[in-house]
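Visitor: sequence first, predicted coordinates after that:
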Amino acid sequence: MTGNNLTNKKISLSPSALYGWLGDRIFAYGIFILGFIVIFTTIAMAVSLYFSGTEAISKFGFFGFMTGRVWDAAISMEFGTWPFIVGTLVTSLAALALSFLPAVAIAIFTAEYAPKWLGYIIENLVNLIAAVPSVVIGIWGIFIFTPWVRDSVYMPVYLWSLENAPTLTPILGNPAGYGMLTATIILTIMIIPFTTALACDSFRMVPKEQREAASALGATKWEVIRMAVIPYSRGGILAGAMLSLGRAIGETMAVAMLIGNKNTLPFTIFGPGSTMASVIVNEFREAVENIHLASLMAVGFYLFLISLVVNLVAAWIQRKYAITGGRAV
Amino acid sequence: MNNEPSNENKIRLETIDLSVFYGQNPGVKNVSLQIFDKQVTAFIGPSGCGKTTFLRALNRMHDLTRGARVTGKALIDGTDIYDPKIDPVTIRRKIGMVFQKPTPFPTMSIYDNVVAGLKLVGIKNKSLLDEVCERSLRQSALWEEVKDRLKTPGGSLSGGQQQRLSIARALAVEPEVLLMDEPTSSLDPQSTNRIEELIGELKHQVTIIIVTHNMQQASRVSDNTAFFYIGNLIEFNKTTKIFTNPDQKRTEEYITGQFG
C-alpha cells in the first residue's frame, strides 16, 4: 500500500509545491530569456538603423526623404528614396499578382489530383526553387534568361509597338533585357514556392467531413475543391501569398543583378529600375560620403518599416480569414 | 437469420452480399438486406461493428477513401449503385447524407449552405432558390430561428442548429433516400429531440436510414432495425420485434445491455 500512500501524498500537495520544482523554473526562465532576445534584437536593429540614417533623415525630413525623387550621389548629394519605394512595390506586387494563380494551381494539382509519388516529386522540386541561392538564380538570369527574353519577347513587342502603337513605346521603354519586367518575372518564379507550400499544407488540413459533405451533395471532384477545400484553406493560401510578398520585397541579389539599376523615375516596363534592396547592395561599397552612407541606412530603415507593415497586414488578413473550429471568424 | 420483416411496402434499396474491405480487412461481411420505401431503418450495434461502414457503402462514400473496396451489389430501385457505368455523383444526388458532426460550409451564409446542392446542378433562378431554401429550412424545423438572418455565416449557429442546417442542405436537393450517420451524437438532448421529431415528419417524404449507437433512439424513430456485430448483420427485423422479442440471442444480449 506504499504506492497508494505516495499518490495521496503527492495529490495533497499544493500546486506550487508540486510544480515549483527547480527544473520547471529554469526552463521557464530560459524560454523567457530566449523569447526576449528575439524581441530585443528586432527592436535594436530598427533603432540602430534609424540612428545610422539619422543624418539623412534630419537633413531631408522623415517624409521629405521618403518622397524625395532625386538620388544623386555624384554632384548635388541630394537623396530621396521614392524611386526605390516605387520600384520595390511595383516589382513585388506584380510578382505576387503573377505568381498567385500558378502557385495555387500547382498546390491544387499536387495536393488533390497528382498520385502520391508525383505530388511528392513536384512538391520537392518546387521547394528546391526556394532553396536555390538567389545569386545562382541571378547569374542564370543574366546569362540565359535575359538574352532569351530580350530577343524573343521584348524586341518583337517593342518593334511591333514602334510600327503600330507609337504611344505605347515610351511606356514599354528600352528593351535592353535588364529591367523591371525581367526582375519581376524572376521574382515571380522565386516566390511561387512559398504560396504553393502553404496552400498545399492547408489543403491537406481541410477536415475530411467538409470534403465528404460536399461529395454527399453530388459535387464532382473539382466542385468539392471549389466548394469545400479552397474556402476552408483561404487563410493558409493568403498567408502563403503574404509570405511570398515579404520575400519579394526583401529579395536583393537576383533583383540587383537583373533590374538594370536606374535611380531616377520614371521607370518603364522593359526599362531599368531599382528597388530599395538593390540600391543598398549596389552602392554601399562606394558610399564614401557620410550623407550617402546615412541615406543608404535610411533606405534600410524604410525597407524595415515596409516589411513590418506587410507583416502586420498579413497577420491581420490571416486572422480575418482563418477558419477555426468550423467557424469563419 | 430472418431477413424478411412482413411488410407490403416497396423495396427502395437492397444489398446483396455486400462487403467492404479496408485493404485486406473486411469492415463489413456479406450483408444482404432490404430498405423499404418511406420508412425509417435504423442500424444499431456496438462501436466498430460496421454499421457506419455499411451506411457509407450505400452512397459510394468509400470511393473517396484510399484503399477501401466494396464487393457485392447494392441496388436502388433495381439499379446497381456500383455499376461501373454509373457516376457516383449521380448516386449521391439521389442518396443524401447527414454526418455525425454538423458540416456547414463555414464561409457560406445560411442561405448559400442550403442551396449549395442546387447551385451545383446549375440552378440560378433566384425565386426558385428562395422557395427551396424556405421549404428545406421549414422541413428541418430551422426556418423560424434563422429566417431573419439568412445572410449570416452558417458557422455562427449553435451545434444543434448547424445539424438541422446540414439536414436542410441535404433535403434541398430532394433526395430519394437520406442516410444519417449518428446525426445526434454531438448534440444536446433538446436538439436531439428536435431531430428525432424531424425524422418522424420526414419519413412520409423520404426513405431514411439512420445509424445510431443509442438504442432508445432506434426504438423511438425507426420502423425496422438492423443489428450489426463485428462486421456481420446479425438480425434485421421490425423495430418492435427487435426490441421485444428478437430472434437472435446476441441481439437480445445487446439490447438488454449485456455487452456493447
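Guide: It's in.
Visitor: C-alpha only now, for contacts and for neighbours.
Guide: Will do.
Visitor: what about stretch A:118-137 and chain B, touching?
Guide: No: on the criterion CA under 8 Å from any CA of the partner chain, stretch A:118-137 is out of touch with chain B, staying 15.4 Å away.
Visitor: which other residues reach that stretch?
Guide: Residues outside stretch A:118-137 that contact it (CA atoms under 8 Å, 6 or more residues apart in numbering or on different chains) are A:109-111, A:186, A:189-194, A:196-197, A:253-254.
Visitor: which one of these sits closest to B:Asn9?
Guide: A:Ala111 (46.3 Å; CA to CA).
Visitor: show me which pair in the contacts of stretch A:118-137 is furthest apart.
Guide: A:Ala111 and A:Met253 (31.8 Å).
Visitor: that older thread, as a markdown table, the contacts of stretch A:118-137 with distance to B:Val132, neighbour count and secondary structure would be great.
Guide: Listed next are the contacts of stretch A:118-137 as a markdown table, based on distance: CA to CA, whole Å; neighbours: other CA atoms under 10 Å in any protein chain shown; DSSP: H, G, I helix; E, B strand; the rest coil:
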| residue | distance to B:Val132 | neighbour count | secondary structure |
| --- | --- | --- | --- |
| A:Phe109 | 35 | 16 | helix |
| A:Thr110 | 37 | 22 | helix |
| A:Ala111 | 35 | 21 | helix |
| A:Ile186 | 51 | 23 | helix |
| A:Ile189 | 47 | 19 | helix |
| A:Met190 | 48 | 24 | helix |
| A:Ile191 | 45 | 27 | helix |
| A:Ile192 | 43 | 27 | helix |
| A:Pro193 | 44 | 28 | helix |
| A:Phe194 | 43 | 24 | helix |
| A:Thr196 | 39 | 31 | helix |
| A:Ala197 | 40 | 22 | helix |
| A:Met253 | 59 | 19 | helix |
| A:Ala254 | 57 | 23 | helix |
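Visitor: so which of the residues you listed comes closest to chain B?
Guide: Distance to chain B across the contacts of stretch A:118-137 (CA to the nearest CA) is lowest for A:Ala111, with 14.1 Å.
Visitor: just give the nearest non-adjacent residue to the closest one, would you?
Guide: A:Cys200 (5.8 Å; CA to CA, 6 or more residues apart in numbering or on different chains).
Visitor: B:Asp223 contacts B:Val40, doesn't it?
Guide: Yes: using CA atoms under 8 Å, B:Asp223 is in contact with B:Val40, at 5.3 Å.
Visitor: which outside residues touch stretch B:168-178?
Guide: A:217, B:93-98, B:113-118, B:132-133, B:135-137, B:139-140, B:206-209.
Visitor: which of the contacts of stretch A:118-137 scores worst on pLDDT?
Guide: Lowest in pLDDT among the contacts of stretch A:118-137 is A:Met253, which has 84.
Visitor: picking up where we left off before, from the contact counts, what lies against whichever helix or strand the residue nearest to A:Ala111 is part of?
Guide: Using DSSP states H and E, A:Cys200 maps to helix A:180-204. Contacts defined by 3 or more CA pairs under 8 Å, 6 or more residues apart in numbering or on different chains; DSSP states H and E place helix A:180-204 against helix A:82-108, helix A:116-131, helix A:234-250, helix A:253-258.
Visitor: now do 6 Å
Guide: Judged by 3 or more CA pairs under 6 Å, 6 or more residues apart in numbering or on different chains; DSSP states H and E, helix A:180-204 is in contact with helix A:82-108, helix A:234-250.
Visitor: ok now it, how far from the chain's centre?
Guide: 9 Å (CA atoms, centre = their mean, to the nearest Å).
Visitor: next secondary structure element downstream of it?
Guide: Using DSSP H and E, the first helix or strand after helix A:180-204 is helix A:208-216.
Visitor: after that next one, which helix or strand is next?
Guide: Following helix A:208-216 in sequence, per DSSP H and E, is helix A:221-224.
Visitor: list the buried residues in that next one.
Guide: For helix A:221-224, burial by neighbour count (16 or more other CA atoms under 10 Å in any protein chain shown) applies to A:221, A:224.
Visitor: which stretches of the chain have low pLDDT?
Guide: Reading this off chain A. Chain A contains residues with pLDDT under 70 at A:1-4, A:15-21, A:324-329.
Visitor: the intended chain is chain B.
Guide: Judged by pLDDT under 70, the stretches of chain B that qualify are B:1-8, B:259-260.
Visitor: quick check: buried residues in the helix or strand that contains B:Cys133?
Guide: If you go by DSSP H and E, B:Cys133 is part of helix B:126-139. For helix B:126-139, a neighbour-count test (16+ other CA under 10 Å) marks B:129, B:132-137, B:139 as buried.
Visitor: helices and strands around that helix, which ones?
Guide: Helix B:126-139 packs on helix B:159-172, going by 3+ CA pairs under 6 Å, 6+ apart.
Visitor: angle of the helix it packs on against helix B:126-139?
Guide: 130 degrees (axes from the mean of the first three to the mean of the last three CA atoms, to 10 degrees).
Visitor: list the buried residues of helix B:159-172.
Guide: Buried-residue list, helix B:159-172, by 16+ other CA under 10 Å: B:159-172.
Visitor: check the offset of the following helix or strand past that helix from the chain's centre.
Guide: Following helix B:159-172 in sequence order, the next helix or strand is strand B:177-181 (DSSP H and E). For strand B:177-181, the separation from the chain centroid amounts to 1 Å (computed by CA atoms, centre = their mean).
Visitor: just the CA coordinates for strand B:177-181, please, in PDB.
Guide: C-alpha atoms of strand B:177-181 as PDB (Å, rounded to 0.1, in the frame of the first residue of the first chain):
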ATOM      1  CA  VAL B 177     -33.000   8.300 -49.600                       C
ATOM      2  CA  LEU B 178     -31.400  10.100 -46.700                       C
ATOM      3  CA  LEU B 179     -28.600   8.500 -44.900                       C
ATOM      4  CA  MET B 180     -28.000   9.700 -41.400                       C
ATOM      5  CA  ASP B 181     -24.700   8.800 -39.600                       C
END
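Visitor: strand partners (parallel or antiparallel) of it?
Guide: Applying DSSP bridges, strand B:177-181 is found paired with strand B:95-98 (parallel), strand B:207-211 (parallel).
Visitor: so what touches the helix or strand hosting B:Glu196?
Guide: Using DSSP H and E, B:Glu196 falls within helix B:189-202. Residues from elsewhere that reach helix B:189-202 (CA atoms under 6 Å, 6 or more residues apart in numbering or on different chains): B:160, B:184.
Visitor: angle of that helix against helix B:126-139?
Guide: 120 degrees.
Visitor: check which residues of helix B:189-202 are buried.
Guide: Buried-residue list, helix B:189-202, by 16+ other CA under 10 Å: B:191-192, B:194-196, B:198-200, B:202.
Visitor: let me have these in a markdown table, adding distance to A:Phe100 as columns.
Guide: A markdown table is the format used below for the buried residues of helix B:189-202 (distance: CA to CA, whole Å):
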| residue | distance to A:Phe100 |
| --- | --- |
| B:Ser191 | 44 |
| B:Thr192 | 45 |
| B:Arg194 | 46 |
| B:Ile195 | 44 |
| B:Glu196 | 47 |
| B:Leu198 | 46 |
| B:Ile199 | 46 |
| B:Gly200 | 50 |
| B:Leu202 | 46 |
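Visitor: in contact with residue 234, which residues?
Guide: In the absence of a named chain, chain A is used. Applying CA under 6 Å, 6+ apart, no residues contact A:Arg234.
Visitor: other chain: chain B
Guide: B:227-228.
Visitor: having no further points to raise, I will conclude here.
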